[in-house]
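**Q** sequence first, then the predicted structure, then my questions.
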Amino acid sequence: MAEKPQGSCILQSKWFPYFIVTSIIVLVYARTIWFDYTYSDDDQLILKHFDEISNLSALKGAFLNTFFNKYFVAGFYRPLLVVSFILDAQISQTNLWMFHVTNILYHILACCMLIGLMRQMRIPKNNILIGALIFSVHPLASQAVSWIPGRNDTLVALFIIISLRFLVAYLEEQKHIYLTAHLFVFFCALLTKETAAIMPVIGAFYLYGIHRKSFKSKQSYFLLAGWIVCLFVWMLLRSKMLAGQNTNGIEYSFHAFIYNMRMLPEIAGKIVVPLTLSPYTTYSAFSTYLGTLVIIIAVLYFVMRRDEWVREKTFAAFWIVIFLIPGLALLLSDSVYKYDYLEHRAYLSLAGFAIFVALISRDFNINKKSWKQLFVVVLFSLSLMSYYYSGFFANGSTYWERAVEKSPNAAYAYFGLANIPETNETDINQTEKCYRKALQLYPGNAIFHNNLGTLLLRQNRLASAEIELLKANTLDSLNPLYLNNLGVVYGKQKNFDKAVEIYSKAHKLKPYDHVPLINLGYCAYLKGEDRLAEDYYKQALAVNPKAGDACLKLSVLYDKELRFKESLYFVNKASENGITINPRIITELENRINHR
């Protein structure tokens, strides 16, 4: 018997789909490893609060406090997502290469697990490869892979797909080890993103719609009981952690659900024709109309073509829709000025689309040369589009410039462009233009006025800065940051009494913030009230022992009073806490001490 050609053996190997999917993902997304901060949430999660994730000791805290509520956005309890950031931070610190490697790895694993799930569904292997390849390079997945905060969807998708694999194994082999594994991974998904709460619905569809289990079967009872217990424990834990938290303008309601219904045809349109993708999405008439047409065609397909795989196709279509539902109930109070939705939320639905593609590809003779050529063209086109679109997330400038280009009526897009260091620190004129454009679109936003005011303050345009900061404080009178900035203006105007009044209000609103205390101390110092200044500086250090500014100001005060030993002590403390000190100052203080 003649031996099969080696190439044929490789193509027929059960590992070939995993190899080809992994290779293509690496080719498309490898360059993202060198991408920088976009300054759209990633700086908040990693850069600005690195101390919170820099040590493995933070792993416990990820479960016991709400990192998102404390530093980022309220309403979320996602400890496993925070754990993933903590682990990456141990390797690359604030450099993002490891975070991007992990994002790519999660996408690869999700694709590989989806291949395994489709095999368990007994979809033919060639059709599985078609679906998996579409999922691996589809541009709609790019935000989830290229943008670090988008990993919440790749990670929750990975857990959900693994959980479903254990569910199928349990239904087929009836081993309780698979039931336990299914429930454990499901609970991990719940601790990653709230979308996972929908998983029992898709699980029940598979249980009763595809596996055709009786409602009264033992497996049904075990699964329903397990799902209820997992959801109850998660909701109990989540409610305890979120108790008393402000939702920061996030609304969960039926009104939000109705308002966001347009997202369904938008996503449907982008799945089929991914040409209007944006890192900061606002609704597009093209995507909405196209998506509506796609939905009509899909309904007609189900009505007109019924075969032995109709239940599996219905399962895949249901998957596409059901995982978009949680996002529909969420509405930002200022969404008119911001994004309407984020495309990474469609990642799980895209996995359902991959299963659907794998199933409907059976309707065609995929071994025919013309179909193979067409698929290669589609795959190559999608890969190029993903490669191009992933570049939108390369750095802050590119991200926010694309956001402005794609969503020119989004006030926050201009605000984001103004806030990136490349603009804010080097091009003051462009920064001011962006802030003023944002205010033109959204004049009632306090932080826009505050940031424009602080920019004017940097330029010593005190009268204009005062106007903007007064507007910020009128719009939000309980924000200590705005008060503190206004106090700086009065201090520079030498209106110390007014500055002290404003700083005192800021301190009362946020007594654990050391900045107003330092500013109160500096006002007292300028007024010649040295003992009062010393007291304020020491209060600041009591609140934050690492407040380098307070150390430096104490050093200056003690130097003025010829208390050189104390001055040297505090200038060294300032240096230890991140303040750049000219070595000549330390040498001079040491000489003064030696000559006394």
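**A** Structure received. Not measured: the values here are computed from a predicted model.

**Q** in the stretch 151-300 of the chain, where is pLDDT below threshold?
**A** 214, 244-253 (pLDDT under 70).

**Q** any idea how far the most centrally placed residue in the chain is from residue 399?
**A** Centroid-nearest residue in the chain: residue 149, 2.6 Å away (criterion: CA atoms, centre = their mean). The gap separating residue 149 from residue 399 is 12 Å, by CB to CB, to the nearest Å. Any C-beta I mention is one placed from the backbone N, CA and C, and that applies to glycine too.

**Q** how about residue 115?
**A** From residue 115 to residue 399 the distance is 32 Å (CB to CB).

**Q** ok, residue 104 next?
**A** 18 Å.

**Q** those two: which has the busier surroundings?
**A** Set side by side, residue 104 and residue 399 show more neighbours around residue 399, with 28 against 21, by other CB atoms under 10 Å.

**Q** check contacts around the more buried one.
**A** Neighbour list for residue 399: 38-40, 279, 392-393, 416 [criterion: CB atoms under 8 Å, 6 or more residues apart in numbering].

**Q** what's the closest of these to residue 590?
**A** Within these, the smallest distance to residue 590 is 41.7 Å, found for residue 39 (CB to CB).

**Q** nearest residue to that closest one other than its sequence neighbours?
**A** residue 396 (4.0 Å; CB to CB, 6 or more residues apart in numbering).

**Q** and the one you found, what pLDDT?
**A** For residue 396, the model assigns a pLDDT of 92.

**Q** ok, it touching residue 421?
**A** Yes: counting by CB atoms under 8 Å, residue 396 touches residue 421, with 7.0 Å between them.

**Q** anything in contact with each of the two?
**A** residue 39.

**Q** would you mind telling me which of those two has the busier surroundings?
**A** A direct count of neighbours by other CB under 10 Å for residue 396 and residue 421 places residue 396 higher, at 23 against 12.

**Q** tell me the contacts of the more buried one?
**A** Contacts of residue 396 (CB under 8 Å, 6+ apart): 36-40, 420-422.

**Q** pull the contacting residues for the residue nearest to the centre of the chain.
**A** 40-42, 45.

**Q** swap the cut-off to 10 Å and go again
**A** With contact set as CB atoms under 10 Å, 6 or more residues apart in numbering, residue 149 has these partners: 38, 40-42, 44-46, 72, 81, 85, 99, 103, 143, 342, 344.

**Q** residue 182 now?
**A** By CB under 10 Å, 6+ apart, the residues touching residue 182 are 162-171, 199, 203, 223, 226-227, 230.

**Q** tell me the buried residues in the host helix or strand of residue 383?
**A** In this assignment (DSSP states H and E), residue 383 forms part of helix 369-390. For helix 369-390, burial by neighbour count (16 or more other CB atoms under 10 Å) applies to 375, 379, 382-383, 385-387, 389-390.

**Q** kindly report the same for stretch 433-444.
**A** 434-435, 437-439, 441-442.

**Q** now it: mean pLDDT?
**A** On average, stretch 433-444 scores 95.

**Q** how distant is that stretch from the center of its chain?
**A** Its chain's average C-alpha position is 25 Å from that of stretch 433-444, according to CA atoms, centre = their mean, to the nearest Å.

**Q** shaky segments in the chain?
**A** 1-12, 65-75, 214, 244-253, 333-334, 423-424, 596.

**Q** span of stretch 470-485 from start to end?
**A** 10 Å (CA to CA, to the nearest Å).

**Q** just stretch 386-404 next, same as before
**A** Stretch 386-404 end-to-end distance (CA to CA) = 20 Å.

**Q** tell me which element residue 222 falls in.
**A** Applying DSSP H and E, one finds residue 222 within helix 218-242.

**Q** and for residue 523?
**A** Going by DSSP H and E, residue 523 is part of helix 514-526.

**Q** using CSV, write down the CA coordinates of that helix.
**A** The C-alpha coordinates for helix 514-526 follow below in CSV (Å, rounded to 0.1, in the frame of the first residue of the first chain):
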residue,chain,number,x,y,z
HIS,A,514,-2.7,65.3,51.2
VAL,A,515,-2.7,67.9,48.3
PRO,A,516,-5.1,70.5,49.9
LEU,A,517,-3.1,70.2,53.1
ILE,A,518,0.2,71.0,51.3
ASN,A,519,-1.5,73.9,49.6
LEU,A,520,-2.8,75.2,52.9
GLY,A,521,0.7,75.0,54.3
TYR,A,522,2.2,76.8,51.3
CYS,A,523,-0.4,79.7,51.7
ALA,A,524,0.6,79.9,55.4
TYR,A,525,4.3,79.9,54.4
LEU,A,526,3.8,82.8,51.9
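
**Q** what are the buried residues along it?
**A** Buried residues in helix 514-526 (16+ other CB under 10 Å): 514-525.
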